[in-house]
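Enquirer: Have a look; sequence and predicted model below, questions after that.
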Amino acid sequence: MFKLEIGTPARFSYRYTVRSHGWYDLAPFEIDADDRLLFVTRRGTNEEPVAVAVEATKGGLVASVDASAFDRDSVMRDVRHILRLDEEFDGFYAAITRTGRVVWAREKNAGRLLRGPTVWEDLVKTMCTTNCSWSLTRSMVTNLVDKLGDETACGRRAFPTAEAMASRREAFYRDEMRAGYRSPYLVELAERVASGELDPETWLDSELSTAELKKEMKTVKGVGDYAAENLLKLVGRYDGLALDSWLRSQFYERHNGGKKCSDKKIDMYYHNFGNFRGLAIWCDMTESWFD
DNA sequence: GCGTCCAGGTCTACC
DNA sequence: GGTAGACCTGGACGC
């Protein structure tokens, strides 16, 4: 077992980042009894996957790597990536100060949304969150990882590569992953990524405008407005609200007396957060998670 | 046990 | 560009 020490920004909360949304609950992510975040990473399709456990210490973070050989720089990069240690949130906190809303997020150093080691992993998982209960999302992702993910030296499984997913036909996704109508979408996506026609990793530092990038994301069948805006948040763009039925219902209860209202009204409520309004609504609606 | 509803939507056809 | 209907699954709920 190798241990790597990782420094964190001054304004960082391990707890509020790891539990920022449901990703920690989807394989290969896991939180163990000691509140360590477990995940599996791999650079390159031909490399062995590596299991990593991250925990908070007084001085920052420690990542424990359960492998005989691994690329130290890759593991460091992935820990920094999934916890967004290199992302700047001063603009968000300034918007909170300016608006006087969602103050708790600034006080708790919240706002960092947990993400997977690759955009590919986040993309597939996001498609599995659409039009279903969370338990079904969890079931689909677990089935996918268990059946197609390569095993690490310690027996954990990695998220499947695009190549592994492209090697399976639609029947696998219907009958074994239980992805239902999403099955042909997953096959098509895997084939596009495996062939090199689509590279989701480029979305991280794309020079496209947010509107153009959203349009590119929506070329993936199964990715609509909600999924694209959720992915935009995960690549660090918070202009879109990523409204789904849960977020809407939470807004109605919290800010509209329990009555339905238009999406436009919701958008206007967070208008003063500018490019951080997607992050603002998420923090606003999840404050009670941490009570 | 059975039927219905609905959940962290999207696609397609049609107007 | 806007909208209705279809699409899968599985848990919750009422009977």
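Expert: Thanks, I have the structure now.

Enquirer: From now on I want contacts and neighbour counts done on CA atoms only, so please keep to that.
Expert: Noted.

Enquirer: Can you name the residues of the stretch 151-291 of chain A that neighbour DNA strand B?
Expert: When proximity is defined by Cα under 7 Å from any atom of the strand, the stretch 151-291 of chain A lies next to DNA strand B at A:218-228, A:244-247.

Enquirer: List just the nearest of those residues to residue A:28.
Expert: residue A:227 (20.4 Å; Cα to Cα).

Enquirer: Which parts of chain A are helices?
Expert: A:14-18, A:72-82, A:90-99, A:103-107, A:119-127, A:134-148, A:162-166, A:170-175, A:183-195, A:210-217, A:225-234, A:245-255, A:263-269, A:277-286 (DSSP state H).

Enquirer: Make a markdown table from the ones you listed and add distance to residue A:55, mean pLDDT and mean neighbour count to it.
Expert: Putting the helices of chain A into a markdown table (distance: least, Cα to Cα, whole Å; pLDDT from 0 to 100; neighbours: other Cα atoms under 10 Å) gives the following:
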| stretch | distance to residue A:55 | mean pLDDT | mean neighbour count |
| --- | --- | --- | --- |
| helix A:14-18 | 8 | 96 | 20 |
| helix A:72-82 | 11 | 95 | 16 |
| helix A:90-99 | 24 | 97 | 16 |
| helix A:103-107 | 21 | 97 | 16 |
| helix A:119-127 | 22 | 94 | 20 |
| helix A:134-148 | 23 | 92 | 18 |
| helix A:162-166 | 29 | 94 | 19 |
| helix A:170-175 | 34 | 91 | 17 |
| helix A:183-195 | 33 | 94 | 19 |
| helix A:210-217 | 33 | 91 | 16 |
| helix A:225-234 | 22 | 92 | 23 |
| helix A:245-255 | 30 | 87 | 15 |
| helix A:263-269 | 36 | 88 | 13 |
| helix A:277-286 | 23 | 94 | 22 |
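
Enquirer: of all the ones you listed, which lies closest to residue A:156?
Expert: For the helices of chain A, the distance to residue A:156 is smallest for helix A:134-148, at 9.1 Å, taking Cα to Cα.

Enquirer: so, in contact with DNA strand C or not, the closest one?
Expert: Yes: using Cα under 7 Å from any atom of the strand, helix A:134-148 comes into contact with DNA strand C via A:135-136.

Enquirer: ok, residues contacting that helix?
Expert: A:25-28, A:125, A:128-129, A:157-160, A:164-165, A:176-179 (Cα atoms under 8 Å, 6 or more residues apart in numbering).

Enquirer: so that helix versus helix A:119-127, what angle?
Expert: 140 degrees (axes from the mean of the first three to the mean of the last three Cα atoms, to 10 degrees).

Enquirer: Please name the residues that touch the nearest residue to residue A:169 once chain neighbours are set aside.
Expert: Sequence neighbours aside, residue A:187 is the residue nearest to residue A:169 in space, at 6.8 Å (criterion: Cα to Cα, 6 or more residues apart in numbering). Contact analysis of residue A:187 by Cα under 8 Å, 6+ apart lists A:165-166, A:168-170.

Enquirer: So how do I select the buried members of the contacts of helix A:134-148 in ChimeraX?
Expert: Of the contacts of helix A:134-148, the buried ones can be selected in ChimeraX as follows, counting by 16 or more other Cα atoms under 10 Å:
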select /A:26,27,28,125,128,129,157,158,159,160,164,165,177,178,179
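
Enquirer: Would you tell me which residues of the stretch 151-291 of chain A are close to DNA strand C?
Expert: A:174-175, A:178-181.

Enquirer: Using CSV, write out the CA atom coordinates for stretch A:164-176.
Expert: Only the C-alpha atoms of stretch A:164-176 are listed here, as CSV (Å, rounded to 0.1, in the frame of the first residue of the first chain):
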residue,chain,number,x,y,z
ALA,A,164,-15.2,-2.7,-23.6
MET,A,165,-18.7,-1.2,-23.9
ALA,A,166,-18.5,-1.0,-27.7
SER,A,167,-17.7,-4.7,-27.8
ARG,A,168,-21.2,-5.6,-26.5
ARG,A,169,-24.4,-5.5,-28.4
GLU,A,170,-27.7,-3.9,-27.4
ALA,A,171,-29.0,-7.1,-25.9
PHE,A,172,-26.3,-6.9,-23.2
TYR,A,173,-27.5,-3.5,-22.1
ARG,A,174,-31.1,-4.5,-22.1
ASP,A,175,-30.9,-7.9,-20.5
GLU,A,176,-27.9,-7.6,-18.2
